[in-house]
Structure formats: C-alpha cells, structure tokens
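*Asks:* Predicted model and sequence follow; I will ask about them next.
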Amino acid sequence: MLKVCVCDDSVEFVRIFINQFDFVCKRVFSDYIKYDFIGAFNSASEVLDYMNKSTVDLLFLDIDMPEMNGFELAKKVTKINPNVMIVFVSGHDHYVFEVFEFSPFGYLRKAKIMDELPVLVKRIKETVERKSVRVDLDTVKGQVSIAVKDVVYIKSEGNYYKIIFNSGDSILCRGTLSSIEKIWTQYDFFRVHAAYIVNLDFIQSVRNNELIVGEYSEVIPISQRRLASFRKEYAAFTLRRFDI
C-alpha cells in the first residue's frame, strides 16, 4: 500500500489535487498497486507531527508556505524518513532550478498540473514496480532472494562481495563485482569505484570525490577515472524526475 500525503496552505488546492491525483491513478496504476491518501495538511507543523508518528511513502509539498517553506520542511522530513518520495509543487517555474539540491522524486507546476501529473504518476508506477523486483544471490550460507529496493551499495571483498542494506545489515556473497555489475546497473545502480556499486536512489549528496549514501550517511569514494561518467549518469537519473 502506497501511503500518500499532500501539504499546501490552500485548502481549495488540496481538495482539487486529491481529486486529480485519484482520477489519474485510477487510469495509470495497475490493479495490484494500491494507494491511500492518508493525510491532507495545510501547514508544515501538521506534516511533522504526523510523520513523527506514522509512515509516509509519497509526499507532495507546496514550496510557498508562510510558516515554513517546502524546502525547509523537506530537510526536516528527510531526517525523519530518508526514504520518503518528495514531490515539490509550485505556482512558479523558477523553483525547478532550486529543487535539485534536495534530490526530490519530482516537481509539479500548478498551472500545468493536469499535463504533468499523468507523467509523474506513470513514474510512480514504474518505481513501485521496480521496487518489487527481487534478485537471487549465491551467498556463503546458500541461495537467498533479496529486494533490490533495500540495497544501498555493494562492496568488493576480494573473490566475494558484500551487499549492504539500508537497515545496516549485510550479507556476503560469492563472486566479484565484475561478474554481477550488469545485473545491478539495470536497476539504477552505478559502479563508482573498483570496489563499490551504489544504488543511485540512496545518494544523499555528492561532494568532491565522495558520496553520502543511505540512512546511516555512509561515505563511498568515487574513483577519478569514473567521476565524469558517474556525473553524467547521475544527472540523467535526476533529470528523469523532471519531465517538464
């Protein structure tokens, strides 16, 4: 079940948006993708109070709000739940250049919302479907099946490799990174270093030749020879979120 919330200081916009979102989802989502609008809020404090008690998967945030703008709220929200998919909503086009700092899932312009919402919902559908994908692994303890969505990065351990999950757990598998690289890169993973393959979806920030990834803010090096190709791949990954 996809748990969805929206926050906008306009009560009327919230009402209209929920109806539009529901209209589009019924036409785009396949039968097995279920969603529930569990929260409709008009202030940042309402969102924070709710998220401190409940899980939210997808959050639509208005940028222009009097008490706390959407950018400030996004910083607080991601500290509570780093995995929440944030979509910024605004009546101003120029904000699209500012949202990249937050690596949001998407951006909607209020004036073109009925044109852009179907594209966004299609991406939500693709993301949900991708997150249901599982990969079979040959571990040192036998065969296991894991969810791709839970993997933050993969680290080389000589003739073995270690899968590190967002929970902090890990498993040791037989094989080298080169032998499994093609399997993972089809799911938005990238080999940033001879010893590391990283899930682009878990990148918090990029600084110089390092990545900050996952809930525990682990530091992953980027090799100099892979830096240019990584930046190109990550830019393309990020831009796919903004079909405007």
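*Replies:* Structure received.
*Asks:* drop to CA atoms for contacts and neighbour counts, all remaining ones
*Replies:* Will do.
*Asks:* Would you check how far apart residue 85 and residue 184 are?
*Replies:* Going from residue 85 to residue 184 by CA to CA, to the nearest Å gives 22 Å.
*Asks:* And for residue 74?
*Replies:* From residue 74 across to residue 184, the span is 29 Å (CA to CA).
*Asks:* ok, now residue 56?
*Replies:* 27 Å.
*Asks:* neighbour-wise, which of the two wins?
*Replies:* residue 56 (23 against 18; other CA atoms under 10 Å).
*Asks:* Domain ranges for this protein, per the record?
*Replies:* In terms of domains, the chain is parsed into 2-131, 134-239 (source: automatic domain parsing).
*Asks:* would TSV of those domains with mean pLDDT be doable?
*Replies:* Shown next, in TSV, are the domains of the chain (pLDDT from 0 to 100):
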stretch	mean pLDDT
domain 2-131	86
domain 134-239	92
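*Asks:* List the contacts of residue 88.
*Replies:* By CA atoms under 8 Å, 6 or more residues apart in numbering, residue 88 lies in contact with 60-63, 70, 99, 104, 106-108.
*Asks:* redo that, cut-off 6 Å
*Replies:* Residues in contact with residue 88 (CA atoms under 6 Å, 6 or more residues apart in numbering) are 60-62, 107.
*Asks:* Identify, from those, the entry nearest to residue 36.
*Replies:* Nearest to residue 36 among the contacts of residue 88, counting by CA to CA, is residue 60 at 13.5 Å.
*Asks:* that's a helix at the closest one, yeah?
*Replies:* No: read with DSSP: H, G, I helix; E, B strand; the rest coil, residue 60 is strand and lies in no helix.
*Asks:* Run through the helices of this structure in chain order.
*Replies:* All helices of the chain, identified by DSSP state H, fall at 11-28, 44-51, 70-80, 113-131, 177-185, 224-239.
*Asks:* Serialize those to CSV and add fields for distance to residue 137.
*Replies:* As requested, those are exported to CSV (distance: least, CA to CA, whole Å):
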stretch, distance to residue 137
helix 11-28, 33
helix 44-51, 35
helix 70-80, 31
helix 113-131, 17
helix 177-185, 10
helix 224-239, 26
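*Asks:* Tell me which of those approaches residue 204 most closely.
*Replies:* Here helix 70-80 is closest among these (CA to CA), at 9.8 Å.
*Asks:* contacts for the closest one?
*Replies:* By CA under 6 Å, 6+ apart, helix 70-80 touches 61-63.
*Asks:* I'd like these as JSON lines, with distance to residue 200 appended.
*Replies:* As requested, these are exported to JSON lines (distance: CA to CA, whole Å):
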{"residue": "61", "distance to residue 200": "22"}
{"residue": "62", "distance to residue 200": "25"}
{"residue": "63", "distance to residue 200": "25"}
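*Asks:* separation between residue 129 and residue 123?
*Replies:* Counting by CA to CA, the gap from residue 129 to residue 123 is 10 Å.
*Asks:* And the two? Which one has more around it.
*Replies:* Neighbour count, other CA under 10 Å: between residue 129 and residue 123, residue 123 has more, with 17 against 13.
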